[in-house]
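Participant: What would the 3D arrangement of this be:
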Amino acid sequence: MESFGARLKREREQRKVTLEEIALSTKIGTRFLRALEDEHFDQLPGGIFNKGFVRAYARHLGMDEGQAVSDYLAASGAGQPEKKPEEARELELAAEEEVSSAAARIPWGIFAIVLLLVALGFAAWGFYSREKPVTPVVVSSPPPINKTPQPPSPKTEARIVSSPESSTRDLVPASPKPADAATVPATPTPTPGAFVVLVTAREDSWLTITADGKEIMRDTLTAPAAKSVEAAKEITIRAGNVGALEFSFNGKKVPIRGDFDEVKTLVFDANGLQPEPPKTQPPTAQTPP
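Facilitator: Numbering: from 1, shown residues only. Okay, here's the model as predicted:
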């Protein structure tokens, strides 16, 4: 039976397509494509990236993407469930038989007495909880606020609040920051004549980002990290898992159409996200008259 990698290579060679052509179209390195054909799965990034590579490869060749991913999972062993050891199963069966035999040996009279004792215990506990007096809770009034300015303690973080109606300065403790403030990226203010695009990852995705003709990133954006890019003319973003990303332009969220594991290229300029160019249909061959 033909292996997964051999089938990919055969389909590619039948269509007379080179690995470089696939790499140029899908933005996947040729070493990753060659690792798929040679079934060197340990050389791939792993996880959803491997399935994304297989989908892009199959899509470029016109193959069934779902079948290609299923063949990859079967070849790499990533989709096979762990088999339960036979010894563990035998121990479980023996334990079940032991519990069943032990339950059969308990006389029904003793079992009924135990149930009666448990019911009496619950009834006594409920009666005791109802008769137990409720201890009043004394709420002390807060101490009066001292309006006299006091020097702040070196260990107490405070800020000085001034009021136009009074020249008195009160020390007000700084409010604590939200627990998730560190994880929410703030969109930086763009410099004059420039714009900013912020990419936030809900799931991991590899990115290739070019700003004004200069490549600034070719790496995996790990969730929940974010990447902010500033440019004056154009920003091009190539994403391998566009459905797991969120985009904002100058602080405003931009809706992006795309699924998980879908490879997509987005272009931003000073006016925002540019529309995708229409897909051109290959010319049909005309029969001579």
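Participant: Looks to me like residue 267 is in a helix.
Facilitator: No - judged by DSSP: H, G, I helix; E, B strand; the rest coil, residue 267 forms no part of a helix; its state is strand.
Participant: residues touching it, list them.
Facilitator: The contact partners of residue 267, by Cβ atoms under 8 Å, 6 or more residues apart in numbering, come to 234-237, 273-274. Placement of C-beta: from N, CA and C, glycine included.
Participant: What residues are bridge-paired with it?
Facilitator: Counting by DSSP bridges, residue 267 is bridged to residue 236.
Participant: Can we start the residue count at 721 from this point?
Facilitator: Sure thing, new numbering starts at 721, so read that last one as residue 987.
Participant: For burial, what's the neighbour tally of residue 758?
Facilitator: Residue 758 has 13 neighbouring residues, counting by other Cβ atoms under 10 Å.
Participant: For this structure, which segments are assigned as helices?
Facilitator: Using DSSP state H, the helices assigned to the chain run over residues 724-734, 739-746, 750-758, 768-781, 785-796, 806-825, 828-851.
Participant: which one of the ones you listed lies closest to residue 935?
Facilitator: Proximity to residue 935 (Cβ to Cβ) singles out helix 739-746 among those, at 15.1 Å.
Participant: Low-confidence ranges, this structure, go.
Facilitator: Applying pLDDT under 70 to the chain flags residues 721, 798-829, 848-907, 999-1009.
Participant: tell me the domain boundaries of it?
Facilitator: Domain segmentation of the chain under automatic domain parsing yields 724-796, 901-993.
Participant: could you redo these as TSV and give each row distance to residue 843?
Facilitator: What follows is the domains of the chain, written out as TSV (distance: least, Cβ to Cβ, whole Å):
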stretch	distance to residue 843
domain 724-796	56
domain 901-993	51
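Participant: between those domains, which one is nearest to residue 836?
Facilitator: Residue 836 sits nearest to domain 901-993 of all those, at 55.8 Å, using Cβ to Cβ.
Participant: what's the closest of the domains of the chain to residue 846?
Facilitator: domain 901-993 (46.5 Å).
Participant: which ones are touching residue 961?
Facilitator: Contacts of residue 961 (Cβ under 8 Å, 6+ apart): 768-769, 772, 923-926, 980-982.
Participant: separation between it and residue 935?
Facilitator: Going from residue 961 to residue 935 by Cβ to Cβ, to the nearest Å gives 19 Å.
Participant: swap in residue 947?
Facilitator: From residue 947 across to residue 935, the span is 13 Å (Cβ to Cβ).
Participant: Who are the contact partners of residue 788?
Facilitator: Applying Cβ under 8 Å, 6+ apart, we find residue 788 in contact with 728, 774-775, 777-778.
Participant: Pick out the most distant pair among the residues you listed.
Facilitator: Using Cβ to Cβ, the contacts of residue 788 reach their maximum pairwise distance at 728 and 775, which is 12.3 Å.
Participant: Narrow the contacts of residue 961 to those that are buried.
Facilitator: Neighbour-count burial (16 or more other Cβ atoms under 10 Å) applied to the contacts of residue 961 gives 768-769, 772, 923-926, 981-982.
Participant: Serialize those to JSON lines and add fields for distance to residue 794.
Facilitator: Putting the buried ones among the contacts of residue 961 into JSON lines (distance: Cβ to Cβ, whole Å) gives the following:
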{"residue": "768", "distance to residue 794": "17"}
{"residue": "769", "distance to residue 794": "18"}
{"residue": "772", "distance to residue 794": "18"}
{"residue": "923", "distance to residue 794": "24"}
{"residue": "924", "distance to residue 794": "24"}
{"residue": "925", "distance to residue 794": "25"}
{"residue": "926", "distance to residue 794": "24"}
{"residue": "981", "distance to residue 794": "18"}
{"residue": "982", "distance to residue 794": "23"}
